[in-house]
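the following block contains a protein sequence and its predicted model.
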Amino acid sequence: MTAPSPATPRDAEPARPPQDAARLADDEVTRRPLDRSAAAAEDASALRLAGTALRRLLLRTRLRQGLVRARVGLLPIGQAAVAAAAAYAFAYHVLGHHQPFFAPIAAWACLGFTAQRGVRQVGELALAVGLGVGMGDLVVHWIGTGWWQVAVVLLVAALVARIVGPGALLTMQAGTQAIVIVGLPAASGGPLGRWTDALVGGAFAFLVAVLWPGDTRRRPRALGVHATTELAETLELVGRGMRAKDVDGLASALVRGRASDPVLTEWRVSARNGVKLARVSAARPWRDELLRLESQAVMVERAMRSVRVLARRAPSVVDQDLTPVADLTDRFAAGVRLLTNAIGSGGDLAPARRQLEAVAAASDPRTVGAGSWHVQALVLLLRSPLADTLEAAGATPDEARAALPEL
């Protein structure tokens, strides 16, 4: 006897073949297409949140950078403000000018808001402001004001400024001040009253530049750290490329060395300007260090040129065992790192000099490159930058040459 089948619930639908189920699903999708608006809204919300976070990060970064700029500029701006106020007070109380506004204008134009104030630059700006204001005063006194007077005074002031000096700022300031004078009504103090005010402002600015020059060693030191770091990293790239027989790595070292030219030049120029400033300002106690920084800039620049020659020559001999030369190059880079620390802090050069002397003593092509004149040639190329860097570390030329083994 066959067992009765279980009762089928009323609400249960009979099973469909797989084809019918798939067709039913497709019909359901067709009747109710996917609603993509929710996903799009989520994406838009995520983008808004990311944009808000990025804007906040940029705002915080800019605020932090702005605070750093304000902190760095506090002293020079304060000095310029004091000079402007003193120039105004002198012109008002001593010279009797009731509106001596060109005195503080000249002081601010000459000093500005940065600490990089060369005495020569401030003197040129003071001369330019005085020249422009004086020419404008004379033109207004002789031929009055008007559109064609502006053309005349600008032409004359700019040409005279070009005769006086080659500086672009001198000509720009002379022309600008002359235009301002012609465009303003006459002030008290006679036909050259405003010119006198400009001279007073320039004189006070010059006194500030001479008496409070700031630490003129700071920028040459920072540039020296940058330049010697470039030399050390170039040497490290050369050593790594020789050890790994990596032609591309050596090419990268050559590119790195060539790219260091601007900072090397800027270091040398900055140190030279610091020396000039120390001769005429209160920074004379720092003159010896500035002279040393200038000499170091020259020697490091020479060393970098020789290292570039080494990087250019090494790829042609990577089939040789260059590990001994790579070891010397790495030790050379370590000595340059010690030199970097000494330059940045103005400290003792002796540790860097001892390290470089040890590397120089080991740079003997008869032992390092024995059996291969290609390797010996690389050792010879390494000796020249070693001697230059030794001089940068305080050795005399004779001492630097004596540190190298005789050939």
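Ah, there it is.

in the host helix or strand of Asp388, what's buried?
Per DSSP states H and E, Asp388 falls inside helix 373-392. Neighbour counts over helix 373-392 (16 or more other Cβ atoms under 10 Å) mark 375-379, 381-392 as buried. Yep, even glycine has a C-beta here, placed from its N, CA and C like the rest.

same deal with stretch 363-373?
Neighbour-count burial for stretch 363-373, counted by 16+ other Cβ under 10 Å, picks out 363-365, 368-369.

what about that stretch, distance to the chain center?
41 Å (Cα atoms, centre = their mean, to the nearest Å).

distance between the ends of that stretch?
For stretch 363-373, the first-to-last residue distance is 14 Å (Cα to Cα, to the nearest Å).

please work out which residues outside that stretch touch it.
Stretch 363-373 is contacted from outside by 320-321, 324-325, 328, 362, 375-380, 382-383, 386, 404-405, 407, using Cβ atoms under 8 Å, 6 or more residues apart in numbering.

how does it look with 7 Å?
320, 324-325, 328, 375-376, 379-380, 382-383, 386, 404-405 (Cβ atoms under 7 Å, 6 or more residues apart in numbering).

of the residues you listed, closest to Val263?
The shortest approach to Val263 among the contacts of stretch 363-373 belongs to Leu386, at 21.3 Å (Cβ to Cβ).

so who does the residue nearest to the closest one when sequence neighbours are not counted touch?
Spatial nearest neighbour of Leu386, chain neighbours left out: Ala360 (4.9 Å); criterion: Cβ to Cβ, 6 or more residues apart in numbering. Neighbour list for Ala360: 386, 390, 403-404 [criterion: Cβ under 7 Å, 6+ apart].

quick one, helices of the stretch 101-250 of the chain?
With DSSP state H, counting those that start in this stretch as the criterion, the stretch 101-250 of the chain has helices at 102-111, 119-143, 147-164, 168-183, 193-211, 218-244, 247-259.

any weak-confidence spans in the stretch 301-407 of the chain?
Applying pLDDT under 70 to the stretch 301-407 of the chain picks out no residues at all.

okay, helices next: where are they in it?
Counting by DSSP H, counting those that start in this stretch, the stretch 301-407 of the chain has helices at residues 323-345, 350-362, 365-368, 373-392, 397-402.

so which of these comes closest to Ile179?
helix 323-345 (45.4 Å).

show residues contacting the closest one.
Contacts for helix 323-345 (Cβ under 7 Å, 6+ apart): 221, 224-225, 228-229, 231-232, 235-236, 238-239, 242-243, 296, 348-349, 351-352, 355-356, 359, 362-363, 368, 375, 378-379, 382, 386, 389, 392-393.

again, 6 Å this time
Residues outside helix 323-345 that contact it (Cβ atoms under 6 Å, 6 or more residues apart in numbering): 221, 224-225, 228-229, 231-232, 235-236, 238-239, 242-243, 349, 351-352, 355-356, 359, 368, 378, 393.

pull the CA atoms of that helix into CSV?
C-alpha atoms of helix 323-345 as CSV (Å, rounded to 0.1, in the frame of the first residue of the first chain):
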residue,chain,number,x,y,z
THR,A,323,84.1,47.0,-4.2
PRO,A,324,87.3,48.5,-2.7
VAL,A,325,86.7,51.8,-4.4
ALA,A,326,83.1,51.7,-3.3
ASP,A,327,84.2,51.2,0.3
LEU,A,328,86.5,54.3,0.0
THR,A,329,83.7,56.3,-1.5
ASP,A,330,81.3,55.4,1.4
ARG,A,331,83.9,56.3,4.0
PHE,A,332,84.4,59.6,2.1
ALA,A,333,80.7,60.2,2.3
ALA,A,334,80.7,59.6,6.0
GLY,A,335,83.5,62.2,6.4
VAL,A,336,81.4,64.7,4.4
ARG,A,337,78.5,64.0,6.7
LEU,A,338,80.6,65.0,9.7
LEU,A,339,81.6,68.1,7.8
THR,A,340,77.9,68.9,7.3
ASN,A,341,77.3,68.7,11.0
ALA,A,342,80.2,71.0,11.8
ILE,A,343,79.2,73.6,9.2
GLY,A,344,75.6,73.6,10.4
SER,A,345,76.5,74.2,14.0
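
list the buried residues of it.
324-340, 342-343.

pLDDT at Val164, what is it?
At Val164, the predicted lDDT confidence score is 74.

tell me how far Arg219 lies from Ala251.
33 Å (Cβ to Cβ, to the nearest Å).

for Gly175, what are its contacts?
Residues near Gly175 by Cβ under 6 Å, 6+ apart: 154, 157-158.

and of the residues you listed, the nearest to Ala174?
Nearest member of those to Ala174, counting by Cβ to Cβ, is Ala157, at 4.6 Å.

Val133 is in contact with the closest one, correct?
No - using Cβ atoms under 6 Å, Ala157 is not in contact with Val133, being 9.2 Å away.

how far does the helix holding Asp388 sit from its chain's centre?
30 Å.

go on, stretch 358-370?
38 Å.

likewise for stretch 329-342?
On Cα atoms, centre = their mean, the centre of stretch 329-342 falls 22 Å from that of its chain.

ok so, going back, can I get the buried residues of stretch 363-373 in a markdown table with distance to Pro104?
A markdown table is the format used below for the buried residues of stretch 363-373 (distance: Cβ to Cβ, whole Å):
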| residue | distance to Pro104 |
| --- | --- |
| Ser363 | 61 |
| Asp364 | 67 |
| Pro365 | 67 |
| Val368 | 67 |
| Gly369 | 69 |
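
where does Leu237 land on pLDDT?
In this prediction Leu237 is given a pLDDT of 92.

let's number from 29 now, not from 1
Okay, residue one is now 29; in that scheme the one you just asked about reads as Leu265.

residues contacting it?
By Cβ under 6 Å, 6+ apart, the neighbours of Leu265 are 280-281.

count the neighbours of Val346 for me.
17 (other Cβ atoms under 10 Å).

quick check: it vs Trp401, distance?
Distance from Val346 to Trp401, by Cβ to Cβ: 16 Å.

repeat that for Met163.
Taken as Cβ to Cβ, the span from Met163 to Trp401 is 71 Å.

then Gly124?
Distance, Gly124 to Trp401, by Cβ to Cβ: 85 Å.

many thanks, I have nothing further to ask.
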